[in-house]
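Peer 1: no sequence on this one, just coordinates:
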């Protein structure tokens, strides 16, 4: 089982990035998928998630209106389109199997791995 996040990078404030999460080794459309991020010295935060069908999404208040999550079940991939980036969006971003509802609840099924680093300069 593997969920690999990639697409991070260095961007100026106000810019955009799209993260991808490529999944393998499990029934992709049988799980909700979510994104977490962790900034240095801060607790890990559930950022956004999408239901297994793709019909329902959740975004944390800190990113609502700026980040959009989507998925392509045919490609076993989840995307996180991040617009109007702010320095406080800086962190390592991870994708995980979650329970997506009024929040992003990690299922504890996946290794955290390295994630993908997003750095937003002011």
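Peer 2: Cool, the structure landed. Computed from a prediction, not measured in an experiment: that's the story for all the values here. Residues are numbered from 1 along each chain as shown.
Peer 1: can you map out the strands along the protein?
Peer 2: Using DSSP state E, the strands found in the chain span residues 2-6, 9-12, 17-24, 32-38, 45-50, 57-59, 67-72, 77-82, 91-101, 103-106, 116-121.
Peer 1: Show me what the mean pLDDT comes to for the first one.
Peer 2: Translated: strand 2-6. The average pLDDT within strand 2-6 is 95.
Peer 1: quick one: contacts of it?
Peer 2: 19-25, 33, 35, 93-97, 110, 113, 115-116 (Cβ atoms under 8 Å, 6 or more residues apart in numbering). Every C-beta, even on glycine, is put in place using the N, C-alpha and C of the backbone.
Peer 1: how much does that strand deviate in direction from strand 17-24?
Peer 2: On the basis of axes from the mean of the first three to the mean of the last three Cα atoms, to 10 degrees, strand 2-6 is oriented at 160 degrees to strand 17-24.
Peer 1: What residues sit buried inside strand 2-6?
Peer 2: For strand 2-6, the buried set under the neighbour-count rule, 16 or more other Cβ atoms under 10 Å, comprises 3, 5.
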